[in-house]
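1. what follows is a predicted structure for the sequence shown.
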Amino acid sequence: MIQQQGIERINVGIFAHVDAGKTTTTEHMLYESGRIKAVGSVDSGTAVTDSMEVERQRGISVRAALASFEWRGVQVNLVDTPGHVDFLSEVERSLRVMDCAVLILSAVEGVQAQSEMIWNALRKLGIPTLIFMNKMDRVGADPEAVLAQARTYLSGDILPVQQALGQEQDYAGAVDLWAEGADPARTELLEALAERDEALLEVYMSGAPLAMADWKKQLIAKTASGTMFPLVYGVAAKGLGITQLLDAMTDYFPRAGGNPELPVSGIVYNIQRDKSMGRMAFVRLYQGTIRNRDTVMNYSQEVQGKVTQIRKVEGGRTEDVGTLEAGDIAVVYGLTGVRIGDVLGLPDVIPQEAKLAVPLLTVRVHWEADIDEHQVIGAFQELADEDPLLDTQWLQDERELHIKVMGPIQLEILDSVLESRYGLKVTFGQPSVIYKETPSQAGEGYVAYLMPKPCWAILRFKIEPGPPGSGLQYESLVRSSDLLPQYQNETARRVPEALMQGLYGWEVTDLKVTLTEGQHHVWHTHPLDFAVATPMAIMDGLNRTGTRLLEPILQVRIVVPEENGGRVMNDLVQMRGTFEPPVLQGERMIIEGRLPLATSLEYPVSLSSYTKGRSTFTSFFAGYEECPPDVRAERTRRGVNPLDQARYILSVRKALQG
């Protein structure tokens, strides 16, 4: 698909809970648009957007995949995102560069935990969203109940723009409410629109004629502003409703903006590897134009890179397009060392991001003695380039490799990728929960690093607890005449590093650190003295304030047969959980609550076992909360503790000399 200047584009992300039918829907869109000649299948491993070997084997998407096609004269860049919570980081990165979204709900399962989380992120970012209710032909499909659920959990401004004809095995498609012959259901739509707009309500109540096209324009405008959300129906597996979904996307979604004549401004949202051509940087360009052989400034790393090729990539196939212009997405080759999140050109028009993915488990990697450790470390560092949240850490002294993960499915996928891509066989230790620490009270930390000479660095920090979820807030009150700007900058850079291990070995968060005093010596200060002094002053402060342990909490929704409800509520209490009064829905009970991750790691398996598979357990990360006093979790410190200042200085000075 060769790009043309001035073409209309929409950039659409496909989002849903696992198994709602995202990849199947994408596959049928590609087929209906004429982009592919035959429909692939997730189960048989032939879907275009499931290009990784492990995706074909497992029948799940683990990586966001880009596909492009044309519909009614509009170029559509479509990103099919993973639905499993273990691959939420891929969803997070895709959200940042999408102008519009299709959220798929199952007419059987309804609104699930991940659907709700993605919806909240879409609303935070103000992304226009269309809802596709899939699986209308399945036994148990109940579109009215799912619509009511969506209006409760997602938004009261979800408006069907079609009338479904039958359900379950009798589903026979849907009628467009703007078309002739849809009068009763259309009246409901018009009334819903009028209720949400004073000017429309006035017209509606007056009985004055208003053409259907004008009513539709109003809904298009409300959709573009992210205040109303059209809903359409279908059965992706049979291709039912796909052309209507494509029509709705081109009708209701705003076009990608951006001036190709302005200076370049874009973002790298994904990194993958090509065996023959190296690093593939997936770039969304907001303004300007990039061509083959252009030199592009990497604003984030303050380096320039030369573009060797620009390609459109779909699954395993690529096409050289030579040009990437404002509003479009493509893969750029040649940018050595480029990382996810890097801004290319100017940063002015890059949108904010919504943080969804938080790795909650840490795992040690093991391998046999005959395998070269450098090969294993290199493989994991490459994988961490593609998913920075892996946070690969090689502990040199202990000869240990640790990674962070979202859950057990991610470990299975990593195991498969390491074997198929690198020919490496590794095993993983038992996952352990990642705790955090926060200061117990306000206090000060101080260091006078004056010996052994030559050195001179004096620092005093004020350390205060911050609100939950606030992270680290840092400021300096020291004048540049007392401490030169380069030393202040070095200190500010080292504070987050110093907080990576608190009194119990965990990252310290939710605090404010203020530099209140700082001195250097005109002769004796070495440029790295403040890199040595900062951890000592910070740990001195934490030792005075003390720290409290924080643990990750999950928001859970459990659906079980009514007879199992009592046991589930008892289980939640035993796991230190809290829950809302249960809700009965037919013969099933819905229980919503909050659970510590540490006590519930194995619970989904246990629940499925005693309900004989007739339960669902969905969860998402709800934040860190303070642990009860009787919970203890300490992690072995890496390296020398800066509280032991003499040993710490000796160890660091040796490193500086070496």
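-> Nice, thanks for sending it over. Just so it is clear, the structure is predicted and the values come from calculations on it, not from any experiment.

2. C-alpha from now on. contacts and neighbour counts both.
-> OK.

3. chain neighbours aside, what residue packs nearest to residue 471?
-> Leaving aside its sequence neighbours, residue 471 sits nearest to residue 510 (Cα to Cα, 6 or more residues apart in numbering; 4.2 Å).

4. make that residue 166, sorry
-> The spatially closest residue to residue 166, leaving aside those adjacent along the chain, is residue 172, at 6.1 Å (Cα to Cα, 6+ apart).

5. got a list of what the one you found touches?
-> Remark: with contacts taken as Cα atoms under 8 Å, 6 or more residues apart in numbering, residue 172 is in contact with 164, 165, 166.

6. out of these, which comes closest to residue 455?
-> Taking Cα to Cα as the measure, residue 455 sits nearest to residue 164 out of these, at 76.8 Å.

7. what about that closest one, how many residues close to it?
-> As a burial measure, residue 164 scores 19 neighbours (other Cα atoms under 10 Å).

8. before we go further, the residue nearest to residue 166 is sitting in a strand, right?
-> No - according to DSSP: H, G, I helix; E, B strand; the rest coil, the state of residue 172 is coil, so it is not within a strand.

9. distance of it relative to residue 239?
-> Per Cα to Cα, to the nearest Å, residue 172 is found 12 Å from residue 239.

10. could you do residue 320 as well?
-> For residue 320 relative to residue 239 (Cα to Cα), the value is 30 Å.

11. and residue 372, by the same measure?
-> 49 Å.

12. so the two - more neighbours on which side?
-> Counting neighbours by other Cα under 10 Å for residue 372 and for residue 239 shows that residue 239 has the greater number, 17 against 11.

13. does that one touch residue 28 like I think?
-> Yes - counting by Cα atoms under 8 Å, residue 239 sits close enough to residue 28 to count as a contact (6.1 Å).

14. quick check: bridge partners of the nearest residue to residue 34 once chain neighbours are set aside?
-> Nearest non-adjacent residue to residue 34, counting by Cα to Cα, 6+ apart: residue 69, 8.0 Å away. With beta bridges defined as DSSP bridges, residue 69 has these partners: residue 76.

15. any idea which element the closest residue to residue 498 other than its chain neighbours lies in?
-> By the measure of Cα to Cα, 6+ apart, the closest residue to residue 498 outside its immediate chain neighbours is residue 535, 4.8 Å from it. Following DSSP states H and E, one finds residue 535 within helix 529-545.

16. so what touches that helix?
-> 439-449, 455-463, 487, 490-491, 494-495, 497-499, 502-503, 642-643, 645, 649, 652.

17. try it again with 6 Å
-> Taking Cα atoms under 6 Å, 6 or more residues apart in numbering as the criterion, the residues outside helix 529-545 that touch it are 439-447, 457, 491, 498, 642.

18. same question for stretch 465-474.
-> Surrounding stretch 465-474, the residues in contact under the criterion Cα under 6 Å, 6+ apart are 439, 509, 510, 511, 512, 513, 514.

19. in TSV, list those residues along with distance to residue 87, neighbour count and pLDDT.
-> As requested, the contacts of stretch 465-474 are exported to TSV (distance: Cα to Cα, whole Å; neighbours: other Cα atoms under 10 Å; pLDDT from 0 to 100):
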residue	distance to residue 87	neighbour count	pLDDT
439	32	26	98
509	24	24	96
510	26	18	96
511	29	24	97
512	32	20	97
513	33	24	98
514	36	19	97
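
20. and which of those is nearest to residue 208?
-> Taking the contacts of stretch 465-474 together and measuring to residue 208 by Cα to Cα, the closest member is residue 510, at 57.6 Å.

21. sorry, back to before: from what I can see the residue nearest to residue 34 touches residue 78, true?
-> No - if you go by Cα atoms under 6 Å, residue 69 and residue 78 don't touch, sitting 8.2 Å apart.

22. give me the more crowded residue out of these two.
-> Residue environment comparison for residue 69 versus residue 78 gives the larger neighbour count to residue 78, 25 against 19, counting by other Cα under 10 Å.

23. pretty sure the more buried one is in a strand, no?
-> Yes - secondary structure of residue 78, determined by three-state DSSP: located in a strand.

24. what sits against it?
-> Taking Cα under 6 Å, 6+ apart, we find residue 78 in contact with 12, 13, 66, 67, 68.

25. the last one against residue 80, yeah?
-> Yep, that's residue 68 we're talking about. No - assessed by Cα under 6 Å, residue 68 is found out of contact with residue 80, at 11.0 Å.

26. more neighbours: those two, which one.
-> Remark: of residue 68 and residue 80, residue 80 carries more neighbours, 28 against 19, as counted by other Cα under 10 Å.

27. show me what the more buried one bridges to in the sheet.
-> According to DSSP bridges, the residues that bridge with residue 80 are residue 14, residue 65.

28. that one touches residue 67, doesn't it?
-> No - judged on Cα under 6 Å, residue 80 makes no contact with residue 67 at a distance of 7.9 Å.

29. check what pLDDT residue 56 gets.
-> The predicted local confidence for residue 56 comes out at a pLDDT of 51.

30. oh, that last question was meant for residue 180, not what I typed.
-> On the pLDDT scale, residue 180 is placed at 64.
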